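Q: Got a predicted model here, sequence first, then my questions.
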Amino acid sequence: MKTVLVGVGQAGGKLTTALASFDEEMGFGAVRDALAVNTASADLQSVPFETMLIGQDRVNGHGVGGDNELGAEIMQNDIDQVMTALGNRISAETESIFVVAGLGGGTGSGGAPVLAKRLSRVYDVPVYGLGVLPGSDEGALYQVNAGRSLKTLAREADAVLLIDNDAWKESGESMSEGYEAINQNIARRVGLLLAAGEATEGVAESVVDSSEIINTLRAGGIASLGYASTPAAEEAAENISVITSTTRNAMLTGSSLPEATDAEAALLIVAGQPERLSRKGVEKARKWVETETESMQVRGGDFPIDSSRLASLVLLGGVERSDRVQRFMTRAEQAAEEAAEIDQTAREADKTFQNDELDGLF
Ligand SMILES: Nc1nc2c(ncn2[C@@H]2O[C@H](COP(=O)(O)OP(=O)(O)OP(=O)(O)O)[C@@H](O)[C@H]2O)c(=O)[nH]1
């Protein structure tokens, strides 16, 4: 699937870098171009492709410090500049645009929905969000920001592929090592998905194309992507249970959104050497995904790659009713209510203080 990536904010820029590098290293060529947009000049310095600093008149290159309303405002003010830079990158062959952002901060959280809205109006190709949810140990501001941003982004984009920062956390890792590992995990999943949509030449089974990805995400809302891989036997017939167990792992333990299994639609892609791919295995695994998601719209296909391992990618569309997403929304709403209460108490204290001051004066 020929794609143009736009990273907004720090996490957006880092993830876009990881994705573009993975695509290049693997020689896939699905990522056609990329742009990183930020309000903080320091965050753009290590980005290896074109960058754009916005909001200089407001924050002078220092970022918005988690203020996602300001992030949205700045994107709105500078949107023409961003659209012009993207216009030079989006061509007739572009099949999708991904707006990539951490949803808990300020620049990406506020800016990504504004940009997705404008892109959807101007271009006919689908505009997807690739959004990162803050880990559950991140503070209330991050949860509130992400709750609001996710709702808006899901409305403005054709779908939001959601990544939970808690998904691949390993104990003992520093914050930056942790991000690095998460970004690599995301790059591998999304990179393979985009590349699978590009595969053209023949294997015995059905090759996935871009339209299957688009159709799986057609329901809109929130999507997740699972991945797992296992060493494979040389003979396809010996790999039936390898494919089913790898698919189970991809969905149950390798998902970008753990525990999100209730879906409107799904796409299973099994990648590996054509001679190791078992048609029966792919069909059995596809049926298992059908049962697990309780969806009648489960597509299946394969992606020929030169590897002695078999890998399963499971794209789930329309997972917003799943427990994980509901739990996050509840947490974000609680944090928003608590923040509003604190705000109210502060305002009341301020009023009392002012009244007392006035009492003293008159
Ligand atoms: N997966 C992942 N998440 C990250 C990374 N960097 C930051 N985050 C998450 O993204 C959120 C913060 O968003 P940032 O992208 O840092 O913020 P920003 O959009 O640049 O906005 P401001 O810094 O407020 O101007 C937090 O929830 C972090 O956990 C990263 O490299 N990878």
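A: Nice, thanks for sending it over. Numbers count the residues shown, from 1 in each chain.
Q: secondary structure class for the residue of the stretch 151-300 of the chain found nearest the ligand?
A: At 3.6 Å from the ligand, residue 179 is the closest residue in the stretch 151-300 of the chain, using Cβ to the nearest ligand atom. No exception for glycine: its C-beta is placed from N, CA and C like everyone else's. Secondary structure for residue 179, judged by DSSP: H, G, I helix; E, B strand; the rest coil, is helix.
Q: Apart from its chain neighbours, what residue comes closest to it?
A: Once flanking residues are discounted, residue 179 sits nearest to residue 14: 7.1 Å by Cβ to Cβ, 6 or more residues apart in numbering.
Q: Please report how far the one you found lies from residue 100.
A: 9 Å (Cβ to Cβ, to the nearest Å).
Q: Now do the shared contacts for these two.
A: Counting by Cβ atoms under 8 Å, 6 or more residues apart in numbering, the contacts common to residue 14 and residue 100 are residue 7.
Q: Those two: which has the busier surroundings?
A: residue 100 (31 against 23; other Cβ atoms under 10 Å).
Q: so who does residue 157 touch?
A: Contacts of residue 157 (Cβ under 8 Å, 6+ apart): 99, 113, 116, 120, 127, 128, 129.
Q: give me phi/psi at it?
A: For residue 157, the backbone dihedrals (degrees, to the nearest 10) come out as phi -90, psi 170.
Q: circling back to that earlier point, against residue 146, how distant is the residue of the stretch 151-300 of the chain closest to the ligand?
A: From residue 179 to residue 146 the distance is 16 Å (Cβ to Cβ).
Q: neighbour-wise, which of those two wins?
A: Neighbour totals were compared for residue 179 and residue 146, and residue 146 leads with 29 against 19 (other Cβ under 10 Å).
Q: I'd say that one and residue 133 touch.
A: Yes: with contact defined as Cβ atoms under 8 Å, residue 146 counts as touching residue 133 (5.6 Å).
Q: Which residues of the stretch 151-300 of the chain lie near the ligand?
A: Counting by Cβ under 6 Å from any ligand atom, the stretch 151-300 of the chain comes close to the ligand at 165, 179, 182, 183.
Q: Could you tell me which of those belong to helices?
A: Counting by DSSP state H, these place 179, 182, 183 in helices.
Q: what's the closest of the residues you listed to residue 243?
A: Residue 243 has its nearest neighbour among these in residue 182, at 26.4 Å by Cβ to Cβ.
Q: if I look at that closest one, how far off is residue 333?
A: For residue 182 relative to residue 333 (Cβ to Cβ), the value is 25 Å.
Q: Have a look at those two and say which one is more surrounded.
A: Set residue 182 next to residue 333 and count neighbours by other Cβ under 10 Å: residue 182 wins out with 26 against 14.
Q: What sits closest to the more buried one if chain neighbours are left out?
A: Counting by Cβ to Cβ, 6+ apart, the residue nearest residue 182 is residue 168, at 5.3 Å.
Q: Next: residue 30.
A: Using Cβ to Cβ, 6+ apart and skipping the chain neighbours, the partner closest in space to residue 30 is residue 194 (3.8 Å).
Q: element containing that neighbour, please.
A: Using DSSP states H and E, residue 194 falls within helix 175-196.
Q: Tell me the first helix or strand C-terminal of that helix.
A: helix 210-216.
Q: Show me what that next one is packed against.
A: strand 96-102, strand 265-272, strand 297-304, strand 309-317 (3 or more Cβ pairs under 8 Å, 6 or more residues apart in numbering; DSSP states H and E).
Q: Quick one: closest of those strands to residue 250.
A: strand 309-317 (4.2 Å).
Q: partners of the closest one in the sheet?
A: With DSSP bridges as the test, strand 309-317 is paired with strand 222-231 (antiparallel), strand 265-272 (antiparallel).
Q: Which positions within stretch 170-182 qualify as buried?
A: For stretch 170-182, a neighbour-count test (16 or more other Cβ atoms under 10 Å) marks 178, 179, 182 as buried.
Q: per-residue confidence for the last one?
A: Yep, that's residue 182 we're talking about. Listed pLDDT for residue 182 reads 92.
Q: quick one, what contacts it?
A: 163, 165, 167, 168, 169.
Q: hey, where'd the strands end up in the protein?
A: Using DSSP state E, the strands found in the chain span residues 3-8, 31-38, 51-53, 96-102, 127-133, 159-164, 222-231, 265-272, 297-304, 309-317.
Q: May I have the strands that pair with the second one, each with its orientation?
A: The strands beside strand 31-38 in its sheet (DSSP bridges) come out as strand 3-8 (parallel), strand 51-53 (parallel).
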